[in-house]
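K.L.:
sharing a model prediction with you, sequence too.
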Amino acid sequence: MDGMISIELACRLRDAGVQWKPASGDRFVVTEPEMSGEIFVLSEMTVEVHRLPQGQVIGFNGTTEWALDSVEDSHTVWLPRETQLRELLAGTFRRLDRTTEGWRVTIEVNGSQTVVADEDVEQAYAKALLQLVELGS
């Protein structure tokens, strides 16, 4: 899964206490079996005026052919992006290195450095965040 953390790792982050404050552009999955594998992106609906030969039409972009009224946040799992993961690492982040196998993230907690690696950069950041959260527990 290139460019996105795995759902398994996202669940581990959630279970370890990483908090999600939903914002436009965030990716997430719904853990209901009938929605397995569907990745959603939060977006603000855009309303535009379309000028057609028969007149103006107000279009609601972002709507889909089916509607999901709501879902409890306990049934969702956030899939943070690279920038969000780096922000969550905050002052502990030391460096990101490209390797022949992928990426290596170095964090430092209480003077001790921890290095995690993965072939995907977002996975590497997520693994580093999980290490950070687990070190704090």
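P.N.:
Looks like it came in fine.
K.L.:
what's the spacing between the longest helix seen in the chain and its chain's center?
P.N.:
In the chain, taking DSSP state H as the definition, the longest helix is helix 121-136. Helix 121-136 sits 13 Å away from the centroid of its parent chain (CA atoms, centre = their mean, to the nearest Å).
K.L.:
buried sites along that helix?
P.N.:
121-133 (16 or more other CB atoms under 10 Å). Glycine gets a C-beta too; all of them are placed from N, C-alpha and C.
K.L.:
pull the contacting residues for the residue most central in space within the chain.
P.N.:
The residue lying closest to the centre of the chain (CA atoms, centre = their mean) is residue 80, at 1.8 Å. Residues near residue 80 by CB atoms under 8 Å, 6 or more residues apart in numbering: 5, 10, 13, 20, 26, 27, 88, 122, 126.
K.L.:
among these, which lie within strands?
P.N.:
residue 27 (DSSP state E).
K.L.:
identify, from the contacts of residue 80, the entry nearest to residue 43.
P.N.:
Among these, residue 26 lies closest to residue 43 (CB to CB), at 9.3 Å.
K.L.:
and that closest one, how close does it get to residue 54?
P.N.:
Distance, residue 26 to residue 54, by CB to CB, to the nearest Å: 38 Å.
K.L.:
coming back round to it: ok, of the buried residues of helix 121-136, which one's closest to residue 115?
P.N.:
residue 128 (8.4 Å).
K.L.:
beta partners of the nearest residue to the closest one once chain neighbours are set aside?
P.N.:
Closest residue to residue 128 apart from its sequence neighbours, by CB to CB, 6 or more residues apart in numbering: residue 105 at 4.2 Å. Residues in a beta bridge with residue 105, per DSSP bridges, are residue 96, residue 116.
K.L.:
thank you, goodbye.
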